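Asks: What would the 3D arrangement of this be:
(2 chains)
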There are 2 protein chains.
Amino acid sequence: MTVSREIRLKSRPVGTPVADNFELATVDLPAPGPGEVQVRNLYMSVDPYMRGRMNDVKSYVPPFQIGEALQGGAVGEVVASNDPNFQVGDIVQSMLGWREAFNTSAAPLAQATAGQAATITKLNTYGLPPQTFLGVAGMPGMTAWVGLLKIAALKEGDIVFVSGAAGAVGSVVVQIAKLKGHKVIGSAGGADKVAFLKSIGCDEVIDYKAEADLTAALARAAPTGIDVYFENVGGAHMDAALAAARPFARFALCGMISQYNSTGEMYGVKNLIAAVGKSIRLEGFIVSNSFHLLPEFLQDMSGWISSGKLQWKETVDEGIENAPGAFLKLFKGENTGKMLVKLS
Amino acid sequence: MTVSREIRLKSRPVGTPVADNFELATVDLPAPGPGEVQVRNLYMSVDPYMRGRMNDVKSYVPPFQIGEALQGGAVGEVVASNDPNFQVGDIVQSMLGWREAFNTSAAPLAQATAGQAATITKLNTYGLPPQTFLGVAGMPGMTAWVGLLKIAALKEGDIVFVSGAAGAVGSVVVQIAKLKGHKVIGSAGGADKVAFLKSIGCDEVIDYKAEADLTAALARAAPTGIDVYFENVGGAHMDAALAAARPFARFALCGMISQYNSTGEMYGVKNLIAAVGKSIRLEGFIVSNSFHLLPEFLQDMSGWISSGKLQWKETVDEGIENAPGAFLKLFKGENTGKMLVKLS
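Replies: This next block holds a predicted model:
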């Protein structure tokens, strides 16, 4: 018998989540049954999109259920196996984060908790640390790649603006645009993030916390305008980008973290009318709709990493009991690069 | 010597234009010079986009100048010609509306007033009344066709929502979508427009003036959601469309007439965040960027008209002195179909 601790949704957050929305529980894990494997998680991911799943509303992923363990990306190690395809010591990836260990079969699980095919896949790490497959080489990295290259359709000469530029997604967007030779303006909050963005080659950095007028700040940083906007933040950032956009600009709408915890009226975007006169295209996207491009992404990304063209940063908290706190940091902007929780 | 009356911009409107922003002037027109023709306008067009040109701001068309005659689409008849390519009686199209008559050469005029190539082209009317080339067979019709078929990329099974549906552009959008077999929801203001929309086959009509909550009204009219939104109005219509959109909806942003006269803060669009979760694409467009598609448009449109599949409605005022009033009607919603001024 193995003991595993997990984080459950205790109550649905209203506005900004607080520690009391989560509870730590301990479960006894039996030995894996026939065909099952037991996995001990090494790292779990916390991501802004999880906030949406805490609301009881229909969305592109079903809501988390109160009293049940949360879910999310994780990498772990097989510690016991009754499946000939998995050996003890194999590194696997799953959506069964927010817990220390679990039993599963590699076949899709019953749709018990989330209507979602939950399973594990063996990870060929190509020599990279396994947790990078929760970041730069995983979902956030692919989100950056899809949004910039496929949705915004980056082309020669484009000037690129990225909000949330020091985050797991944004910092990859900045670097892909730079290695392809573009001028890049990044927005982030605080001196540490500004320094990080400069260290990865961002041409102009806007510290939005130090700017009373984001539209004016972007106009100064990009006096000739922008052609591509990678949207992670929403609110005043969107209005600033619309004001700065040149004709035929393309906006990849990845997320709007400033709005996720809104309880009253959402921020009203006032400059959308600019999209008419300037023929701007704004396109929302979800990376899972582009998973057929995974091989192309991994080929690009592994090449950039092995040639030293792409760096990453992690903010790591330790212990399952600190997972809710790590999640809350996302909304306070306390992470630089990928926010992770180390579990063993 | 011919006398021609014209409408000049007397002062730039602040907010909603008023009669006093315009002045009627009389000019003496000499006989046409060498290579020139003299044209007497039959009809001139008033269009919402002209409001933007009355502001002194950079946009996709240069601003009108105070003290000079306004410009806009017109059809006229050649009354004198020193150009062997034009005969007296030829019907021509130009951007020299807002005046009764003018001399010009068919070659692009000097860029004197507007930085724009102003010229005349002979019209093959295919037996249609010439003023239809200011409406259904002209710029508004092509705007509808481009926006619906190229920008929103209408495809089988799409449910279509059109705002400003009884207008020159909207009423063509409704009919193209209907003749292609789609369910269409139209929004317009007032009983006459509602009746007109029903007469051209619109499946559901929302009288927005009678609805306190446009989002709820659209949810009732389109209980399974919308796939395409053709945006002419902006404001609350945009929020309603974002709320009703199904995954992968496409929005063609043609105009936002509700916002053109705004003097204070623009309406703030609160539901833009829905574009992320539902992978919505919003794309602004200007028909002049698609003029290379004119032959394809004319082939479609002439076929639809000659087979009786497409109807149109005109609201016609008479006399150059009434042109400002006709223009102002656009913002009061007092036109059904194409708003025109008959000049002779």
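
Asks: what residue ranges in the stretch 1-150 of chain A are flagged as low confidence?
Replies: Applying pLDDT under 70 to the stretch 1-150 of chain A flags residues A:107-118.

Asks: run the last query once more with 50
Replies: A:109-118 (pLDDT under 50).

Asks: And A:L340, how far from B:N261?
Replies: 51 Å (Cβ to Cβ, to the nearest Å). In this view, the C-beta of every residue, glycine as well, is placed from N, C-alpha and C.

Asks: do A:A245 as well
Replies: 23 Å.

Asks: got it, and A:Q93?
Replies: From A:Q93 to B:N261 the distance is 55 Å (Cβ to Cβ).

Asks: So the two - more neighbours on which side?
Replies: A:Q93 (21 against 13; other Cβ atoms under 10 Å in any protein chain shown).

Asks: Buried residues of the helix or strand hosting the more buried one, list them for me.
Replies: For A:Q93, the host element (DSSP states H and E) is strand A:91-94. Neighbour counts using 16 or more other Cβ atoms under 10 Å in any protein chain shown place A:91-94 of strand A:91-94 among the buried residues.

Asks: any idea which of the residues you listed is closest to B:Q38?
Replies: Top of the list for closeness to B:Q38, among the buried residues of strand A:91-94 and by Cβ to Cβ, is A:Q93 at 77.2 Å.

Asks: List the residues that contact that closest one.
Replies: A:73-75, A:120-121, A:123, A:133, A:138 (Cβ atoms under 8 Å, 6 or more residues apart in numbering or on different chains).

Asks: Quick check on those residues: which are buried?
Replies: Using 16+ other Cβ under 10 Å, the buried ones in these are A:73-75, A:120, A:123, A:133, A:138.

Asks: would CSV of those with distance to chain B be doable?
Replies: Output for these, formatted as CSV (distance: Cβ to the nearest Cβ, whole Å):
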residue, distance to chain B
A:G73, 19
A:A74, 23
A:V75, 26
A:I120, 27
A:L123, 28
A:F133, 24
A:G138, 19
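
Asks: In a markdown table, list these along with secondary structure.
Replies: Formatted as a markdown table, the buried ones among the contacts of A:Q93 follow (DSSP: H, G, I helix; E, B strand; the rest coil):
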| residue | secondary structure |
| --- | --- |
| A:G73 | coil |
| A:A74 | strand |
| A:V75 | strand |
| A:I120 | strand |
| A:L123 | coil |
| A:F133 | helix |
| A:G138 | coil |
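
Asks: Mind picking the two most distant members of those residues?
Replies: A:I120 and A:G138 (14.3 Å).

Asks: Identify all contacting residues around the helix or strand that the strand holding A:Q93 is followed by.
Replies: Once the chain leaves strand A:91-94, the next helix or strand it forms, by DSSP H and E, is strand A:101-104. For strand A:101-104, contacts defined as Cβ under 8 Å, 6+ apart pick out A:2, A:4, A:29-30, A:32-33, A:36-41, A:76, A:79, A:94, A:96, A:118-120.

Asks: Now list the buried members of those residues.
Replies: A:2, A:4, A:29, A:32, A:36-41, A:76, A:79, A:94, A:96, A:118-120.

Asks: Now do A:R12 against chain B, distance only.
Replies: Per Cβ to the nearest Cβ, to the nearest Å, A:R12 is found 17 Å from chain B.

Asks: Also A:N335?
Replies: 20 Å.

Asks: ok now do that residue, which residues does it touch?
Replies: Per Cβ under 8 Å, 6+ apart, neighbours of A:N335: A:167-168, A:315, A:326, A:329.

Asks: May I ask which two of the residues you listed are separated the most?
Replies: A:G167 and A:A326 (13.7 Å).

Asks: Of those two, which one has the most company?
Replies: When neighbours are counted by other Cβ under 10 Å, A:G167 comes out ahead of the other of A:G167 and A:A326, with 30 against 22.

Asks: doesn't A:E334 make contact with that one?
Replies: No: A:G167 is beyond contact range of A:E334, at 11.1 Å (criterion: Cβ atoms under 8 Å).

Asks: where are the low-confidence patches of the stretch 201-344 of chain A?
Replies: For the stretch 201-344 of chain A, counting by pLDDT under 50, not a single residue falls below.

Asks: change it to 80
Replies: Counting by pLDDT under 80, the stretch 201-344 of chain A contains low-confidence residues at A:262-265.

Asks: Residue of it closest to chain B, please.
Replies: A:G268 (1.5 Å; Cβ to the nearest Cβ).

Asks: okay, now that residue: neighbour count?
Replies: 17.

Asks: Also A:G127?
Replies: Neighbours of A:G127 using other Cβ under 10 Å come to 8.

Asks: Give me the three-state assignment for the nearest residue to A:L214 once chain neighbours are set aside.
Replies: With Cβ to Cβ, 6 or more residues apart in numbering or on different chains as the criterion, A:L214 has its nearest non-adjacent residue at 4.3 Å, and that residue is A:A240. Under the three-state scheme (three-state DSSP), A:A240 adopts helix.

Asks: Spell out which residues of the stretch 101-250 of chain A are next to chain B.
Replies: A:234, A:238, A:247 (Cβ under 8 Å from any Cβ of the partner chain).

Asks: could you pull out the strands for the stretch 151-300 of chain A?
Replies: For the stretch 151-300 of chain A, the strands defined by DSSP state E, counting those that start in this stretch cover A:159-162, A:183-188, A:204-207, A:226-231, A:245-253, A:281-284.

Asks: And the third one, what does it pack against?
Replies: Translated: strand A:204-207. When contacts are defined as 3 or more Cβ pairs under 8 Å, 6 or more residues apart in numbering or on different chains; DSSP states H and E, strand A:204-207 packs onto strand A:183-188, helix A:191-199, helix A:214-221.

Asks: Give me the residues contacting the shortest one.
Replies: For strand A:183-188, the external contacting residues (Cβ under 8 Å, 6+ apart) are A:159-167, A:170, A:174, A:177-178, A:194, A:196-197, A:201-208, A:214, A:218, A:221-222, A:226, A:233, A:237, A:333.

Asks: Could I have the CA atoms of it written out in CSV?
Replies: Listed next in CSV are the C-alpha coordinates belonging to strand A:183-188 (Å, rounded to 0.1, in the frame of the first residue of the first chain):
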residue,chain,number,x,y,z
LYS,A,183,11.8,43.2,-33.7
VAL,A,184,10.0,42.2,-30.5
ILE,A,185,8.3,44.3,-27.8
GLY,A,186,7.5,42.5,-24.6
SER,A,187,5.3,43.5,-21.7
ALA,A,188,5.7,42.2,-18.1
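
Asks: Tell me the strands beside that strand, with direction?
Replies: strand A:159-162 (parallel), strand A:204-207 (parallel) (DSSP bridges).

Asks: can you list those in JSON lines and add mean neighbour count and distance to B:K150?
Replies: Converted to JSON lines, the strands paired with strand A:183-188 look like this (neighbours: other Cβ atoms under 10 Å in any protein chain shown; distance: least, Cβ to Cβ, whole Å):
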{"stretch": "strand A:159-162", "mean neighbour count": "29", "distance to B:K150": "26"}
{"stretch": "strand A:204-207", "mean neighbour count": "20", "distance to B:K150": "35"}
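
Asks: Report the beta-bridge partner residues of A:S45.
Replies: Here A:S45, judged by DSSP bridges, has bridge partners A:L340.

Asks: Give me the neighbour count for it.
Replies: Other residues close to A:S45 by other Cβ under 10 Å number 27.

Asks: ok now do the spatially most central residue of chain A, which residues does it touch?
Replies: For chain A, the residue nearest the mean C-alpha position is A:P140 (4.3 Å; Cα atoms, centre = their mean). Going by Cβ under 8 Å, 6+ apart, A:P140 touches A:47, A:134, A:167-169, A:172, A:338.

Asks: out of those residues, who's nearest chain B?
Replies: A:V169 (12.4 Å).
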